[in-house]
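>>> For reference, the sequence and a predicted model appear below.
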Amino acid sequence: MKRPAQEPLEETSRDDSPAQKRARTSIVPPTNPSVGASKQNIVTEQKTEHVNGEAGQNGNAMRLRPGERSNIDILSADSALHEELEEASEAGEAVGETEDEFPTVNPRRKAPEEGFEDLYLDTVDRTRLDFDFEKLCSVTLSNINIYACLVCGKYFQGRGDKSQAYFHAVNTAHHPFINMQTKKIYILPEGYEVTNPLFDDIKYVVDPHYTKQEVARLDTTEKESFDVWNKKYIPGFVGLNNIKANSYLNVVVHALAHVKPIRNFLLLEDLSNRSRLVQDFSVLVRKIWNPRAFKGHVSPHELLQSVSQQSNKRFVLTEQADPAEFLMWLLLNMHTALGGKPNVNGSSIIHRIFQGNLHSESQAITARANTGDRLIFEDAPSESKNQKFLVLPLDLPPKPLFVDDPDDDAIPSVDIEEVLEKYDGLHAQEKAKMRIRYRLMHPLPQFMIFTVKRFAKGKFTEEYNPTLLTWNESNAIDMNPYAIPDPSKHDPAEPIMYDLVANVVHEAVKVRDDSVSGESQKKVWKVQLKDKARGVWFEVEDLYVREIQQETLFTAESYIMIWERKTAPKKPATNKTYMKATVTDAMETD
């Protein structure tokens, strides 16, 4: 049985049903008596309210009666509204900026409130801070006026009311920020600066700096540091991140970072007015030797971007390149960026350290046939010239074509003194129908860089020579036999000893691919560095750092070798002393 209705259906149906929601026009009585009855204000409001049970208040559109339409005067309403705005402005009210309409949630301050100086300091997360990557805003990708959030480590642009850093602080409640250029700490969205000494370690990590006393102790004092995870690392012997295929750059940077004059120059000199390449290289070297780092490795991302831009995409992080070619490119561009000139000796620190002089004699290879149809070589006149060098290439003996024992996996080796005979002035090198002899000239450079030719481009494939380069256990070589005697610059009877400082090595790793053989060789680059303070050697392969034995250095395939002159040039011998030594040697020979 159905329940009877509480009120008749006829009365219920009389209620106006909700109409479609549209603009409601209501007549507002004039507030100014001076305005005539015919000049009334018409206010049009856009409202979409819910039904409240009363006609005209539930969002329905109230249509004007025909008599009311004639009373609408738009121009009079506009003039009346203009008079009200002028009265409000004369009364000293800021139109549209009153506290009731736009309340200020985060007022800007120049200083923190009393008693709240240490506010938000506990929100800083040092484990998430990484200042090695390029300083670009994570929203706009701009590199102008960049701030780093000290809570999440992201980069944002600006700190004004409409900046990305301001929006990030309001939306995520991340308040401490650091300016990556001025190293100042700010609290956003309030905008005041914080000078608390608790942030000094963060400022140091952003831009490490050293004193002359600290730099002087790098090679004499053993030092171990710990990162924020309490992991031990040795400053100067940290891993470099291989973002994709930039190991060729990592080994060259590590090798140059252990050349003492280059390292000291980049650690102490102010290079803010130099090119971006020099600045990024300096920052990377300073981070490698940082004793207060937050992590035990460094990323060369900023230097990679500078190198890629300046080399016109010749050296990029996505493709492997030859470390020897990159080393030459880097030295030449660093020399130019530091104010060096091509034909001026010692115009930059690069030339003062690595540049040497080389004497060469070239002779054309000519031959003719005699009456017996025999080939007779003729002696052609020779030409001599002197040239400068930064890097000396070393040629390995050719790889043997036939092996006595097919099961013998012995790798061929050659002593470095045998390879250096190329520069003794006696052994000729044949090149483009020319016979050339080389010999070094005094004074020899403070550091010698040797590059070993292991790869040669063939017609179809790249030829690879795995011959090992060996030397004595003391890791020292005498370069005096390969230099033209000059008593005015060096005593011919005194040796010129060089010690090994850095050794870039190559390792061929087989990987599977889609070739016919099903596998190919991948080039892996490592660098062996000497810790002078401890007297030990470390091998660095990207992020991996391990200690190695000195006796096993030559068991790897050396590719780039940097040697440091052990002793300064001896006092030049006088002509009488040199003549006496020459006569004595001649008498002993007889």
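In hand now; what should we look at?
>>> Only C-alpha atoms from now on, for both contacts and neighbour counts.
Fine.
>>> mind checking which helix or strand of this protein has the lowest mean pLDDT?
Taking mean pLDDT, DSSP states H and E as the measure, the helix or strand of the chain with the lowest value is strand 41-45, at a mean of 40.
>>> Now tell me what touches stretch 463-476 from outside.
For stretch 463-476, the external contacting residues (CA atoms under 8 Å, 6 or more residues apart in numbering) are 396-399, 411-417, 454-457, 477, 497-500, 550-551, 554-558.
>>> Could you write me a PyMOL select line covering just the buried ones among these?
Selecting the buried subset of these in PyMOL, with 16 or more other CA atoms under 10 Å as the burial test, is done by:
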select buried, resi 396+413+416+417+454+477+497+498+499+500+550+554+556+557+558
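>>> Among the contacts of stretch 463-476, which are located in helices?
Here DSSP state H is the test, and those give 416-417 as lying in helices.
>>> Narrow the contacts of stretch 463-476 to those in strands?
Of the contacts of stretch 463-476, the ones assigned to strands by DSSP state E are 413-415, 455-457, 477, 497-500, 557-558.
>>> Which members of these are the farthest-apart pair?
Taking CA to CA as the measure, the ones in strands among the contacts of stretch 463-476 span a maximum distance of 34.7 Å, between Lys457 and Met497.
>>> which residues of this structure score low on pLDDT?
For the chain, the stretches with pLDDT under 70 are 1-107, 110, 112, 115-117, 367-379, 400-409, 513-519, 568-590.
>>> domain ranges for it?
21-90, 121-205, 232-337, 368-389+391-582 (automatic domain parsing).
>>> For Glu214, which of these is the nearest?
Nearest to Glu214, of all the domains of the chain, is domain 232-337, at 10.1 Å by CA to CA.
>>> Quick one: end-to-end length of that closest one, please.
Using CA to CA, to the nearest Å, the end-to-end distance of domain 232-337 comes to 36 Å.
>>> Can you get me a residue count around Asn241?
19 (other CA atoms under 10 Å).
>>> So what's the residue count around the residue nearest to it when sequence neighbours are not counted?
Leaving aside its chain neighbours, Asn241 sits nearest to Ser299 (4.8 Å; criterion: CA to CA, 6 or more residues apart in numbering). Ser299: 22 surrounding residues under other CA under 10 Å.
>>> Can you tell me how far Ser299 is from Asn312?
22 Å.
>>> Work out for me the element Leu267 sits within.
Assigned by DSSP states H and E, Leu267 belongs to helix 260-268.
>>> Which elements pack onto whichever helix or strand comes after that helix?
As assigned by DSSP H and E, the chain's next helix or strand after helix 260-268 is helix 276-288. Packing partners of helix 276-288 (3 or more CA pairs under 8 Å, 6 or more residues apart in numbering; DSSP states H and E): helix 260-268, strand 297-298, helix 301-310, helix 323-337.
>>> Buried residues of the third one, list them for me.
Counting neighbours by 16+ other CA under 10 Å, one finds that the buried residues in helix 301-310 are 301-307.
>>> helices or strands up against that helix?
Packing partners of helix 301-310 (3+ CA pairs under 8 Å, 6+ apart): helix 276-288.
>>> So which residues of this protein form helices?
Counting by DSSP H, the helices of the chain are 9-13, 66-69, 74-90, 164-172, 200-206, 212-216, 247-257, 260-268, 276-288, 301-310, 323-337, 349-354, 416-419, 575-589.
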